[in-house]
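Trainee: my questions concern the predicted model and sequence given below.
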Amino acid sequence: KNQVEQSPQSLIILEGKNCTLQCNYTVSPFSNLRWYKQDTGRGPVSLTIMTFSENTKSNGRYTATLDADTKQSSLHITASQLSDSASYICVVSANNAGNMLTFGGGTRLMVKP
Amino acid sequence: NAGVTQTPKFRILKIGQSMTLQCTQDMNHNYMYWYRQDPGMGLKLIYYSVGAGITDKGEVPNGYNVSRSTTEDFPLRLELAAPSQTSVYFCASTPRGADTQYFGPGTRLTVL
């Protein structure tokens, strides 16, 4: 069964600090891995998307890494801001009809001043 | 572009009632999806469509129906609402299956 596990479930950090969120997956056949940011009461918004051959991808202060051998990904947030408070969702796409997505449960990040 | 729009934003239903959740996108995307998100859980795919006239079941289709008569619209129908269908429903679209999905703002549904 395709699964995506994220850790930690929740995290509180001080403004300006860095943090790293983890994602482990068992999805086959693998197509790509995405990180989404979901603000409270809103739909998810894409941050990065990585295919099998990509190890790292950045989007401003967000840097995602992918190790396709160990089936792990991380999202690193640099110099956190209050607006980074949100849920971060790891999503893995299978290479099948409709490119089905398997969603992780998310990490809820709170950035405090 | 308005992107993906969903109506209503909130709805309370009684057990056994029916309703249709509307989803429209103005980006001419071929692929459209319906997800539900339960508290603290990942999104689960209900139904998806790869183009007008074509729909297929996702992971949790029971209790729901969809239609795709146009590229723009992908309504989700609940025929006999049950408390287990209390959730937040998100519609999404993408030009191709492997591309980034664009999500609507969600519909929060409560069944009492």
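Mentor: Perfect, I can see it now.
Trainee: ok, A:Leu14 - contacts?
Mentor: With contacts defined as Cβ atoms under 8 Å, 6 or more residues apart in numbering or on different chains, A:Leu14 is in contact with A:Ser80, A:Val111, A:Lys112, A:Pro113. For glycine as for every other residue, the C-beta is placed from the backbone atoms N, C-alpha and C.
Trainee: select only the buried ones of those residues in ChimeraX?
Mentor: A single ChimeraX command selects the buried members of the contacts of A:Leu14 (16 or more other Cβ atoms under 10 Å in any protein chain shown):
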select /A:80,111
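Trainee: CSV for the contacts of A:Leu14, including distance to A:Ser87 and pLDDT?
Mentor: Below are those laid out as CSV (distance: Cβ to Cβ, whole Å; pLDDT from 0 to 100):
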residue, distance to A:Ser87, pLDDT
A:Ser80, 15, 97
A:Val111, 13, 97
A:Lys112, 16, 97
A:Pro113, 20, 96
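Trainee: show me which residues of chain A are close to chain B?
Mentor: Counting by Cβ under 8 Å from any Cβ of the partner chain, chain A comes close to chain B at A:4, A:9, A:31-32, A:34, A:41-46, A:49, A:89, A:93, A:97-106.
Trainee: can you flag the buried ones in those residues?
Mentor: Buried, going by 16+ other Cβ under 10 Å: A:4, A:31-32, A:34, A:43-44, A:46, A:49, A:89, A:93, A:98-106, out of these.
Trainee: and after the least confident helix or strand in chain A by mean pLDDT, which helix or strand comes next?
Mentor: Counting by mean pLDDT, DSSP states H and E, chain A has its least confident helix or strand at strand A:101-103, which shows a mean of 88. Note on strand A:101-103: by DSSP states H and E, the next helix or strand toward the C-terminus is strand A:107-112.
Trainee: partner strands of that following strand and their direction?
Mentor: strand A:10-14 (parallel), strand A:86-94 (antiparallel) (DSSP bridges).
Trainee: got the CA coordinates for the very next helix or strand once past the shortest one in PDB?
Mentor: To tie it back to what came earlier, the one meant is strand A:10-14. Sequence order places strand A:19-26 as the next helix or strand after strand A:10-14, per DSSP H and E. Extracted C-alpha coordinates of strand A:19-26, given in PDB (Å, rounded to 0.1, in the frame of the first residue of the first chain):
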ATOM      1  CA  CYS A  19      14.100  24.000  10.800                       C
ATOM      2  CA  THR A  20      13.900  20.700   8.800                       C
ATOM      3  CA  LEU A  21      10.800  18.600   8.200                       C
ATOM      4  CA  GLN A  22      11.100  14.900   7.200                       C
ATOM      5  CA  CYS A  23       9.100  12.700   4.800                       C
ATOM      6  CA  ASN A  24       9.500   9.000   4.200                       C
ATOM      7  CA  TYR A  25       7.500   7.300   1.500                       C
ATOM      8  CA  THR A  26       6.600   3.900   0.100                       C
END
